[in-house]
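In: okay, predicted coordinates and the sequence, questions at the end:
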Amino acid sequence: MDYTDLNIIKIIPGIYIADIHTQYLEDNLSLLNLNYIININKTFTGNKLTIFDVGVDANLEYIDSTQTFDIDFNTTNLFIITALQNNSNILICDTNYSIPILIIGAFLIKYLKLSFTECIYWLTNKCNFYSISKNICYQLFIYYKEIN
């Protein structure tokens, strides 16, 4: 079994994204060394996993191009670093890919020291399965300005 069998997408080494339905395969996730989860909608629980609930109530039906999400990127970045330092992979899950891509973008800006333009270029090429919205670009631009 590998990640593609579970519809899990490798973004960079150690960091993966999936839609919410993949999360329910908890036993398989641990077999694949996916022991850390960033859970967007607080819909997933599991006693074998380390779960960080972002707690954003983002129903796809109500998301528009002007909606912003109250996400503490410093906390999510530290959670990702902790997972990677513990030689584990991390899975970022949601009902769609907007917020996971936003969280990954913030991580790339902070820890890989990508510029805003490099980050958008990288995400666009790596996540070519998903159209990156103006809203995601705007929020990453604001985050880039805040930390630089």
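Out: Alright, I've got the coordinates.
In: tell me the first helix or strand C-terminal of the least confident helix or strand in the chain by mean pLDDT.
Out: Here the helix or strand of the chain ranked lowest by mean pLDDT, DSSP states H and E is helix 26-31, holding a mean of 66. Next helix or strand after helix 26-31 toward the C-terminus (DSSP states H and E): strand 34-39.
In: and that next one, which strands flank it?
Out: Each strand that pairs with strand 34-39, with its direction, by DSSP bridges: strand 50-53 (parallel), strand 89-94 (parallel).
In: CA atoms of the last one as CSV?
Out: Pointing back at strand 89-94 there. Extracted C-alpha coordinates of strand 89-94, given in CSV (Å, rounded to 0.1, in the frame of the first residue of the first chain):
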residue,chain,number,x,y,z
ASN,A,89,5.1,12.6,8.1
ILE,A,90,2.3,15.0,8.5
LEU,A,91,-1.1,15.0,6.8
ILE,A,92,-3.1,18.2,6.3
CYS,A,93,-6.8,17.5,5.7
ASP,A,94,-9.9,19.4,4.8
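In: where does pLDDT dip in this structure?
Out: 1-6, 19-28, 30-31, 41-70, 95, 129 (pLDDT under 70).
In: what do you get if the cut-off is 50, keeping everything else the same?
Out: The model of the chain has pLDDT under 50 over residues 57-66.
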